[in-house]
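Student: Fold the following, please.
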Amino acid sequence: GMDTKRVVTGGVVAVYVVATIALLAVLMRDLPCSNSHPTHPLLIISLDGFWAQYMDRGVTPTLQALADGGVKAAYMKPSYPTLTFPNHYTIATGLYPESHGIIANSFYDPEYNSFFGMSTPDPKWWGGDPIWNTIRRQGKISATYFWPGSDKNISGTYPTYYKNYDGDVPYKDRVDQVVSWLIMPKKKRPDLITLYFEEPDHTGHGSGPDSQEVKEQLKIVDDMIKRLIKSMDDYRITPCVNMIILADHGMAAAGSERVINLPEYIPNITTSAITFVGSFSRIRPRNDSEEVKMTFMDKLVGQKKEMRVYPKEDLPTRYHFSNNRRIESIVLDLDAGWTTNISYPDALEGQHGYDNFFTSMNALFIASGPDFKTQMETEPFQNIELYNLMCYLTGVTPSPNNGTFGSLHHILANPPAPPTLPPPWLGSLKMTEEQQNETEARHLPWGVPHSSSLPASITLLHHLDHVTGYSQVLKMPLWTSFTLQEVPPSQNLTEMWSSDLRLNKTTTATCSSYFNLTTPMGENISMFPLFPPDFSVDESLPPLPFLVSNLVPGSAQLEAPWQVLMEELVPAWLDLYGPLNLLLGPVFDNNADSLPDNLENFSIPEVPSDLFAVVTRCKVNVTSIDLCPPNNLDAVSFIIPEEEVISNNLEDTAYLLEFSAKVHDVELVTGLTFFPALDFQPRTSLILRIQSQLWTT
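Tutor: Residues are numbered from 1 along each chain as shown. This is a model prediction of the structure:
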């Protein structure tokens, strides 16, 4: 045991030794443990299904002490779907499930013509570069006491030390092994260690998140962390170890009253489709024609207000869940706690797998150790951001991933210098300081969006009430930006489109080119003003909002939610919060990979797949939004589809929340970079912020 290593002497000497040890321990807190590595060992502990709100149950004093002394977040957002395997592997790779390939706990791959399950041994299913491999490839040592994927020969490599998964191994044995790894001689000691506990997830499913049984398990895992820290204290290594304690997802109350029986709507579903039921349900009709898929969806849509039906391509962009052949063609998006079923076995009392906006899916995040700040609460973030941080802490170069490098550096005790944005690129328009006139200062307070990655050839068009980034290649605006102090009095402008004298005929669309435009599914397209005419204060004729330079293809379906946003929400927010800045523009993502489609293949005018809106406010009272301190900026974004093949008839604000997004999701899908003039930290925190509710109105 641990006790044999302690000094045992008699009487007075013992007191003296104890005093010295206590003093040493105090000194060690300030020493960087320099006898070890250039970096400190990093220990990642997963408490499966530890819902962030479990911290409020008052039964986890050890975790509470670590959270209060180190870095905590009110919660960490999991990735969609909020299941164990996808999220553990997202944490390990920094990739969304659609990118690493573990899209659920079990699924089918049409190309392999086989099923994946949690005990599938073949490593070919696991994509991406898990942290234990990143580390090993760069000459460092990794050790895993369980983690989904860690006992597989991924890309021909295992962790340096690993254990084949066996849920029966007592928790204390796992803890004791971790400690023995930490005290290995320097040449053998791991730079990264993972430790995994099945609880409180297992009991959360069986008894529900609010049960006494879960409380008991919370005490047990807290005691295990206590055992770990006590052993580390005994060896005096606590000040040398960086520790992150996290969960993969939360837990929602479920039960048999919240079950949807699919054969009620599709009687032959067992023979006609491959179906995955439960909290995260998907259907792959055996006949993969568009008609059969539509028939399935028509039978399910609108049957239950707790169930939304999507073809995978139409899922909200914020899920980043369409671009993988393993994702079934139909996805059922359920309210928290609801499950689908085919043969009605007993329903579990707790479930997860739902929309990561749901509070019940929020996961635990605590960090503590020599490289972390102390007594700090950080704003919630998504778990794709962890891989870059783990690479930084272990001194290795990260593989490409979906996180933003540096986004968590503010929780480090000594953060490195922030990365800088590449300089802006404006194509034909080189602007001098003098030209950045007051319309620009007013309507683009944080700089002109960068579009260097797009061969779009942008011209800036200035107006009294908005500035537009016009693409001569696409013959339409890529964005328009404007600041509102209040809703201007209505002018009742007549829709009367006219040419823009600042642009020549070859770079603008003709009205006739819009006459026969349709969406891919054949919906009619009309001429749609991007800068909303309602916000115009310019009295010049012809009315500016109807210059062709403000023209984008719009559908009737898009118009309804767009109107709610512009005519109801924006005015209410102006009343409540003061000045707002709006940035609006088209999105071209017809292949649903969350990235811009290739401009070279566009027909002109190309019908956008969506329109985006980024609305920015100041959290403190300011007379003018450009006076807002950067850390007080707040933004909410939307990526609103021009068409959906099937409608779930969501109420307006529910629809807007469903199709909301991080600002960074809009940047990714448009190729634009917003707020380029802000410093790294306020900019990153603004673009990565997750708004899981609409601002109050």
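Student: And the residue nearest the centre of this protein?
Tutor: Gln382 (4.7 Å; CA atoms, centre = their mean).
Student: so what's that one closest to, chain neighbours aside?
Tutor: Lys77 (4.5 Å; CB to CB, 6 or more residues apart in numbering). From N, CA and C alone the C-beta is placed, and that goes for glycine too.
Student: go on, Leu95?
Tutor: Closest to Leu95 by CB to CB, 6+ apart is Gly128, at 4.7 Å.
Student: mind listing what the one you found touches?
Tutor: Going by CB atoms under 8 Å, 6 or more residues apart in numbering, Gly128 touches 89, 93-95, 99-101, 399, 401.
Student: Could you rerun that using 6 Å?
Tutor: Contacts for Gly128 (CB atoms under 6 Å, 6 or more residues apart in numbering) come out as 93, 95, 100.
Student: What is the neighbour count of the first one?
Tutor: The one in question is Thr93. Applying other CB atoms under 10 Å, we find 31 residues neighbouring Thr93.
Student: which secondary structure element contains Val487?
Tutor: Following DSSP states H and E, there is no helix or strand that holds Val487.
Student: same check, this time on His40
Tutor: Using DSSP H and E, His40 falls outside every helix and strand.
Student: So it sits against Pro239, correct?
Tutor: No - the pair His40 / Pro239 is not scored as a contact, 9.0 Å apart, by CB atoms under 6 Å.
Student: what sits in contact with each of those two?
Tutor: Pro370.
Student: Looking at these two, which is more packed in?
Tutor: His40 (22 against 19).
Student: The more buried one and Gln217: what is the separation?
Tutor: For His40, the distance to Gln217 (CB to CB, to the nearest Å) stands at 30 Å.
Student: Ala74 too?
Tutor: 22 Å.
Student: Test of understanding: give the bridge partners of Thr363.
Tutor: Not Thr; residue 363 is Ala. Trp51, Met76 (DSSP bridges).
Student: show me the contacts for it.
Tutor: Ala363 touches 76, 78, 247, 249-250, counting by CB under 6 Å, 6+ apart.
Student: Going by distance to Val564, which of the residues you listed wins?
Tutor: Among the contacts of Ala363, Pro78 lies closest to Val564 (CB to CB), at 29.0 Å.
Student: And the strands in the stretch 501-650 of the chain, which stretches?
Tutor: Along the stretch 501-650 of the chain, counting by DSSP state E, counting those that start in this stretch, strands occupy 525-529, 551-555, 580-587, 610-618, 633-641.
Student: can you tell me which of these comes nearest to Ile183?
Tutor: With CB to CB, the closest approach to Ile183 among the strands of the stretch 501-650 of the chain belongs to strand 633-641: 46.5 Å.
Student: so what pLDDT did Val13 get?
Tutor: Confidence at Val13, expressed as pLDDT, is 47.
Student: and what of Val448?
Tutor: Here the pLDDT value assigned to Val448 is 86.
Student: Assumed it was part of a helix.
Tutor: No - assessed with DSSP: H, G, I helix; E, B strand; the rest coil, Val448 is coil; it does not lie in a helix.
Student: burial count for it?
Tutor: 23.
Student: Repeat that for the one 3 residues further on.
Tutor: When neighbours are counted by other CB under 10 Å, Ser451 registers 22.
Student: who touches it in this structure?
Tutor: 458, 672.
Student: before we move on, the earlier item: may I have the phi/psi pair for the residue nearest to the centre of the chain?
Tutor: When read as degrees, to the nearest 10, the backbone of Gln382 gives phi -90, psi 150.
Student: Quick check: pLDDT value at the residue lying closest to Tyr196 once chain neighbours are set aside.
Tutor: Spatial nearest neighbour of Tyr196, chain neighbours left out: Phe146 (3.8 Å); criterion: CB to CB, 6+ apart. We have a pLDDT of 97 for Phe146.
Student: so how far is Phe116 from Phe146?
Tutor: 18 Å.
Student: Phe197 too?
Tutor: Relative to Phe116, and taking CB to CB, Phe197 is found at 24 Å.
Student: again with Arg318
Tutor: In terms of CB to CB, Arg318 sits 25 Å off from Phe116.
Student: Glu486 too?
Tutor: Note on Glu486: its distance to Phe116, by CB to CB, is 55 Å.
Student: Asp68 now?
Tutor: Counting by CB to CB - Asp68 and Phe116 are separated by 41 Å.
Student: now Phe588
Tutor: Taken as CB to CB, the span from Phe588 to Phe116 is 33 Å.
Student: can you check Pro561 too?
Tutor: 37 Å.
Student: Off-centre distance for the lengthiest helix in the chain?
Tutor: In the chain, taking DSSP state H as the definition, the longest helix is helix 212-234. Its chain's C-alpha centre lies 30 Å from the corresponding centre of helix 212-234 when counted by CA atoms, centre = their mean, to the nearest Å.
Student: need the strands for the stretch 301-450 of the chain, in chain order.
Tutor: Counting by DSSP E, counting those that start in this stretch, the strands of the stretch 301-450 of the chain are 307-311, 330-334, 339-341, 350-351, 365-368, 376-378.
Student: Quick one: closest of those strands to Leu63.
Tutor: strand 365-368 (6.4 Å).
Student: was I right about Tyr145 contacting Asp173?
Tutor: No - the criterion here is CB under 6 Å, and Tyr145 misses it with Asp173 at 9.1 Å.
Student: Of the two, give the one with the bigger neighbour count.
Tutor: Tyr145 (23 against 10).
Student: could you check the distance from the nearest residue to Lys152 once chain neighbours are set aside over to Val636?
Tutor: Spatial nearest neighbour of Lys152, excluding adjacent residues (CB to CB, 6+ apart): Pro123 at 4.2 Å. To Val636, Pro123 is 41 Å away according to CB to CB.
Student: Between the two, tell me which one has more neighbours.
Tutor: With neighbours defined as other CB under 10 Å, Pro123 and Val636 compare such that Val636 has more, 22 against 15.
Student: ok so, going back, Provide a list of residues in contact with the residue nearest to Lys152.
Tutor: 152-154.
Student: Let me have those in JSON lines, adding neighbour count, pLDDT and distance to Ile525 as columns.
Tutor: Listed next are those as JSON lines, based on neighbours: other CB atoms under 10 Å; pLDDT from 0 to 100; distance: CB to CB, whole Å:
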{"residue": "Lys152", "neighbour count": "20", "pLDDT": "96", "distance to Ile525": "48"}
{"residue": "Asn153", "neighbour count": "12", "pLDDT": "95", "distance to Ile525": "51"}
{"residue": "Ile154", "neighbour count": "23", "pLDDT": "94", "distance to Ile525": "46"}
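Student: Which of those residues sits closest to Thr459?
Tutor: Nearest to Thr459 among these, with distances taken as CB to CB, is Ile154, at 48.1 Å.
Student: Quickly list what the closest one is bridged to.
Tutor: Bridge pairing for Ile154 - DSSP bridges - gives Thr157.
Student: Does it touch Trp125 like I think?
Tutor: No - using CB under 6 Å as the test, Ile154 is too far from Trp125 to be in contact (9.3 Å).
Student: Looking at the strand or helix carrying Val666 now, give me its mean pLDDT.
Tutor: In this structure, Val666 sits in helix 663-670 according to DSSP H and E. For helix 663-670, mean pLDDT is 97.
Student: Which strands and helices lie in contact with it?
Tutor: strand 610-618, strand 633-641, helix 680-688 (3 or more CB pairs under 6 Å, 6 or more residues apart in numbering; DSSP states H and E).
Student: What segments of the stretch 451-600 of the chain are helices?
Tutor: Taking DSSP state H, counting those that start in this stretch as the test, the helices found in the stretch 451-600 of the chain are 556-563, 570-577.
Student: circling back to that earlier point, now the residue nearest to Lys152: how far from Asn153?
Tutor: For Pro123, the distance to Asn153 - CB to CB - is 5 Å.
Student: Please parse this protein into its domains.
Tutor: Structural domains assigned to the chain are 1-30, 36-253+359-411, 258-347, 438-688, following automatic domain parsing.
Student: Among those, which comes closest to Gly353?
Tutor: The nearest among the domains of the chain, by CB to CB, is domain 258-347 at 3.4 Å.
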